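>>> Got a sequence here, can you build the structure:
(one chain, ligands or ions: 2)
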Amino acid sequence: MAKGRAVVITQVGKPFEIREYDVPDPEPGAILLKITQAGVCGSDLHTYRGELYAQIPPEGRVMGHEGTGVVHKLGKGVTTDSLGKPIKEGDRLMYAAIRPCNRCYQCLNGHHNWCSGTQTLGGGAGTWPYFTGTYGDYYYIGPTQPVFAVPPELPDNALGFINCAMGTVTEGLSRAGCKEGDYVVIMGAGGLGLNAAAMAKDMGAHKVIVLDRLANRLKLAEEFGADHTINIEEFNTLPKRKERIMELTNGRGADIAVELVGRAELLLDGIEYLTNGGTFVEIGDIVRGRTVAFDPSTVLRGKKIIGSLMYRPQLLPVMMEMMVKNLNRRPYTKIVSNTYPLAKVNDAFRDAEWFNQQTNISRAMLVP
Ligand SMILES: [Zn+2]
Ligand SMILES: [Zn+2]
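Residues are numbered from 1 along each chain as shown. Ligands and ions are numbered 1, 2, ... in the order given. Prediction:
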């Protein structure tokens, strides 16, 4: 029987193991994808550091959720993507990185990313269908998981980050009601922040202001549509940053402030940057237990705080069309800054950790 490799985390702080499993035959309605790219997302780094799950099951867990690939085998009954477009073996496919149950109140309400049903497939590592994460040769797409054909115009190296980084910020901006005339502040210029800048501009934002501490990432943010950037090494106190943002927004403040760094205290900063009635969007801080002392009176004049996680699957085709439209304006092929073969997964994680503090990694991709 044909075998494929999968990257398994067995213990926090230990190198990942690469294990071999039988290549599964997809059940009716399912699809087996041959992975071409798998992204190292912030949440994978949290898992790696042991911050996301209380414990790793003794048999281990297959890593990875972001990525893309081509159809290896279609399960019985699958002839089209979720919008009725014919698909066949070898076609490039974008899948929703959530597995909605379609049988809970939130799913029925169209909020598949808030699904309160079961979202996992199989169990720990070594349980059929084995390829339950994207760090491997294959990825098993379950029958309830939406999939979309990739437009031929999109280059291969601009696909890997769509179904987590781009989707997540698009959902957040959409929930915040980003629209024509808005001033949008984006905290963090990594893979999420670059996508957020481009998407906010595409949604009509009048001005996008991006904050980061790395000059090279801020430079890239400008290529992705940022009208202004603020280096927090220079504007190193909240009053300084707030003053600059007020200056750039004609004294009004931001309509939307998006937190993509993953630091709890940025909630307090973001609220200060907002105009009355503005919306703070929490996306980056996914680790439980980090708290801030919050003064409720700061939001009395209509300020809102919303959280946002992943995305509604129908945004995937919308985003891919947006990318086709903007391919000549935004350097989407620059988001993936580093690629690694699967066997070098431990190097990819070590570098992503290091790069996050030191240099210009925006997205590391595993290319099996
Ligand atoms: Zn992710
Ligand atoms: Zn559900």
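
>>> all contacts plus neighbour counts: C-alpha atoms, from now on.
Fine.

>>> Using the record's assignment, carve the chain into domains.
If you go by automatic domain parsing, the domain ranges for the chain are 3-150+337-366, 169-307.

>>> ok, and the closest non-adjacent residue to the residue of the stretch 101-250 of the chain found nearest ligand 1?
Among the residues of the stretch 101-250 of the chain, Cys164 lies closest to ligand 1, at 4.6 Å counting by C-alpha to the ion. The spatial neighbour of Cys164 that comes closest, neighbours along the chain excluded (C-alpha to C-alpha, 6 or more residues apart in numbering), is Glu66 at 5.5 Å.

>>> ok, that neighbour touching Gly160?
Yes: assessed by C-alpha atoms under 8 Å, Glu66 is found in contact with Gly160 at 6.7 Å.

>>> so what sits against both of those two?
Both Glu66 and Gly160 are in contact with 38-39, where contact means C-alpha atoms under 8 Å, 6 or more residues apart in numbering.

>>> Could you look up the SS state of the residue of the stretch 101-250 of the chain closest to ligand 1?
Three-state secondary structure (criterion: DSSP: H, G, I helix; E, B strand; the rest coil) places Cys164 in helix.

>>> list the contacts for it?
Contact analysis of Cys164 by C-alpha under 8 Å, 6+ apart lists 41, 65-66, 97, 310.

>>> and the closest residue in space to His111 that isn't next to it in sequence, backbone torsions?
For His111, ignoring the flanking residues on the chain, the nearest one in space by C-alpha to C-alpha, 6+ apart is Arg312 at 6.2 Å. Arg312 adopts backbone torsions of phi -70, psi 130, taken as degrees, to the nearest 10.

>>> Buried residues of stretch 289-309, list them for me.
299, 303-305, 307-309 (16 or more other C-alpha atoms under 10 Å).

>>> my bad, should have said stretch 104-119
With burial defined by 16+ other C-alpha under 10 Å, the residues of stretch 104-119 counted as buried are 104, 106-107, 111-117.

>>> Could you do stretch 143-162 as well?
Along stretch 143-162, these residues count as buried under the neighbour rule (16+ other C-alpha under 10 Å): 143-150, 154, 157-162.

>>> Between those, which sits nearest ligand 2?
Within the buried residues of stretch 143-162, proximity to ligand 2 (C-alpha to the ion) peaks at Thr144, which comes in at 10.0 Å.

>>> Spatially central, which residue of this protein would that be?
Geometric centre of the chain, nearest residue: Ala165, 2.3 Å, by C-alpha atoms, centre = their mean.

>>> Next one: that one from ligand 2, what distance?
Taking C-alpha to the ion, to the nearest Å as the measure, Ala165 and ligand 2 are separated by 22 Å.

>>> Run a quick check on that residue versus Leu194, I expect a contact.
No: at 9.3 Å, Ala165 and Leu194 do not qualify as touching, with contact defined as C-alpha under 8 Å.

>>> How about the contacts made by the residue nearest to Cys164?
Contacts for Glu66 were tallied using C-alpha under 8 Å, 6+ apart; they are 38-41, 97, 134, 160-164.

>>> Tell me the secondary structure at Gly251.
Counting by three-state DSSP, the backbone at Gly251 sits in coil.

>>> Provide a list of residues in contact with the residue nearest to His111.
110-113, 171.

>>> cool, Asp255 as well?
For Asp255, the contacting residues are 182-184, 274-275, 277-279, taking C-alpha under 8 Å, 6+ apart as the criterion.

>>> Okay, and which of those map to helices?
Cross-referencing the contacts of Asp255 against helices under DSSP state H gives no overlap.

>>> hang on, the earlier thing: quick check, nearest of the contacts of Arg312 to Pro58?
The nearest member of those to Pro58, counting by C-alpha to C-alpha, is Asn113 at 28.1 Å.

>>> before we move on, what SS does that closest one have?
Using three-state DSSP, the three-state assignment for Asn113 comes out as helix.

>>> Would you confirm that it contacts Cys101?
No: applying C-alpha under 8 Å, one finds Asn113 not in contact with Cys101, separated by 10.3 Å.

>>> picking that back up, and ligand 1, which of the contacts of Asp255 contact it?
Intersecting these with the surroundings of ligand 1, defined as C-alpha under 5 Å from the ion, gives nothing.

>>> Are any of these buried, and if so which?
Burial by neighbour count, 16+ other C-alpha under 10 Å: within the contacts of Asp255 this picks out 182-184, 274-275, 278-279.

>>> Make TSV out of these and add distance to Ala343 and pLDDT.
Below are the buried ones among the contacts of Asp255 laid out as TSV (distance: C-alpha to C-alpha, whole Å; pLDDT from 0 to 100):
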residue	distance to Ala343	pLDDT
Asp182	45	98
Tyr183	44	98
Val184	40	98
Leu274	45	98
Thr275	48	98
Gly278	46	98
Thr279	43	98
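
>>> phi, psi of the spatially closest residue to Asn338 that is not a sequence neighbour?
Once flanking residues are discounted, Asn338 sits nearest to Ala364: 4.8 Å by C-alpha to C-alpha, 6+ apart. The phi/psi pair for Ala364 (degrees, to the nearest 10) reads phi -100, psi 140.

>>> Flag every residue of the stretch 1-150 of the chain that's near ligand 2.
For the stretch 1-150 of the chain, the residues found near ligand 2 under the criterion C-alpha under 5 Å from the ion are 100-102, 104, 107, 115, 117.
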